[in-house]
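J.: Quick check, what structure comes out for this input:
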Amino acid sequence: MANCKTPLDSALKTFVFFLISQPLIYLFQVPFSSMGWGLFGYYRFWFLLTLATFPAAYIGWYIRKKNWLSLLILLPVLWLLTSDYVGCFRSAFRHFPHLIVTAFFCLGQVLLYLYTFTENLIQKILGFFIPLSVIVIMMLIGPRMEVSGTNYLPDELYLSENAAVVMEQTDKAKVEISQSGEMPVLYVTATELGEYPFSIVDGEKTYHYILVIDENDNGSTRVDIIRAD
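T.: Numbering: from 1, shown residues only. This is a model prediction of the structure:
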C-alpha cells in the first residue's frame with residue numbers, strides 16, 4: 001500500500017491480490033486434505049474479507065503520511081500483532097520453545113511499522129503501549145482463554161435450512177450452524193476447556209454430538225466434535 005501512488009491504486013492492487021491468492025491457497029490444499037473440495041466451505045468468510053480489503057487498502061494508503069492519522073490507521077494492525085506476540089510469549093513460557101519464533105516475529109513487525117510509519121518518539125511510544133495496555137487489561141478481566149472458529153461434523157450429513165442446535169445453557173461454550181447442506185459447518189466459541197454435549201434437531205431427526213475443547217502437549221488448543229450415539 002505504501003508504495004502505491006494513489007489511494008485508489010492501493011485499493012485496486014490489494015483487492016486483486018487477495019481475490020486471486022485466496023482461492024489459489026484453498027485450491028492448492030484440496031489434493032492434500034481429507035476434506036477435499038469441502039475446504040472451500042471456509043472460503044465464504046475469506047471472500048467477505050477480500051471485499052473488505054478495497055476500502056481498507058484505500059484508507060491504509062494514508063499511513064505513508066507518517067502523522068497522527070497514520071498512527072490511528074495502524075492501531076488495529078498493531079493491536080492484532082500485539083495480541084499475537086503476547087499470546088505466543090505466554091505459550092512459550094508454559095511450553096518452551098513453542099511459538100517463540102512467532103512471538104519475536106510479531107514483536108519485530110510492531111517495531112518495524114512504528115519505525116517506518118510514525119515520525120516522532122511520542123507516536124512510537126503510544127503506538128507500542130496503547131495496544132499492549134489494552135491486551136493486558138483484557139487478559140486480567142476477561143476469560144482465561146477464548147476459542148472461536150468453524151468446524152465440520154464428523155459424519156456425512158445433510159441438514160436443511162430449518163436445522164437448529166440445542167445445547168444446555170452455558171457461558172463457557174456455544175455452537176451455531178454457520179452453513180447447512182451436504183457439508184454442514186458449525187461455528188464454535190468457547191472460553192474454558194471441557195466437553196459440552198449438544199444436539200442438532202432437523203425436523204423429526206435428532207443427532208447427538210459432543211464438543212471437546214482440549215489442550216495439546218505443545219499448549220495449543222484443540223477443538224473436536226465427536227458423535228455421541
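J.: For the rest of this, base every contact and every neighbour count on C-alpha atoms.
T.: Will do.
J.: What strands flank the lowest-mean-pLDDT helix or strand in the chain, and is each parallel or antiparallel?
T.: Lowest by mean pLDDT, DSSP states H and E among the helices and strands of the chain is strand 147-152, with a mean of 84. Sheet pairing of strand 147-152 (DSSP bridges) gives strand 185-190 (antiparallel).
J.: Report the contact partners of residue 171.
T.: The contact partners of residue 171, by Cα atoms under 8 Å, 6 or more residues apart in numbering, come to residue 191.
J.: how about stretch 202-218: buried residues?
T.: For stretch 202-218, burial by neighbour count (16 or more other Cα atoms under 10 Å) applies to 202, 209-214.
J.: Tabulate those residues (JSON lines), appending distance to residue 32 and pLDDT.
T.: Output for these, formatted as JSON lines (distance: Cα to Cα, whole Å; pLDDT from 0 to 100):
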{"residue": "202", "distance to residue 32": "32", "pLDDT": "90"}
{"residue": "209", "distance to residue 32": "27", "pLDDT": "93"}
{"residue": "210", "distance to residue 32": "27", "pLDDT": "93"}
{"residue": "211", "distance to residue 32": "26", "pLDDT": "92"}
{"residue": "212", "distance to residue 32": "25", "pLDDT": "91"}
{"residue": "213", "distance to residue 32": "26", "pLDDT": "89"}
{"residue": "214", "distance to residue 32": "25", "pLDDT": "86"}
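J.: just the helices in this protein please.
T.: For the chain, the helices defined by DSSP state H occupy 7-29, 43-60, 68-94, 100-117, 121-141.
J.: For the fourth one, the averaged confidence score.
T.: Yep, that's helix 100-117 we're talking about. Confidence for helix 100-117, expressed as mean pLDDT, is 95.
J.: Who are the packing partners of it?
T.: With contacts defined as 3 or more Cα pairs under 8 Å, 6 or more residues apart in numbering; DSSP states H and E, helix 100-117 has these neighbours: helix 68-94, helix 121-141.
J.: change it to 6 Å
T.: helix 68-94 (3 or more Cα pairs under 6 Å, 6 or more residues apart in numbering; DSSP states H and E).
J.: name the helices or strands packed onto the helix it packs on?
T.: By 3+ Cα pairs under 6 Å, 6+ apart, helix 68-94 packs against helix 100-117.
J.: any idea how far the closest residue to residue 162 other than its chain neighbours lies from residue 6?
T.: Nearest residue to residue 162, sequence neighbours excluded (Cα to Cα, 6 or more residues apart in numbering): residue 202, at 6.4 Å. Distance, residue 202 to residue 6, by Cα to Cα, to the nearest Å: 52 Å.
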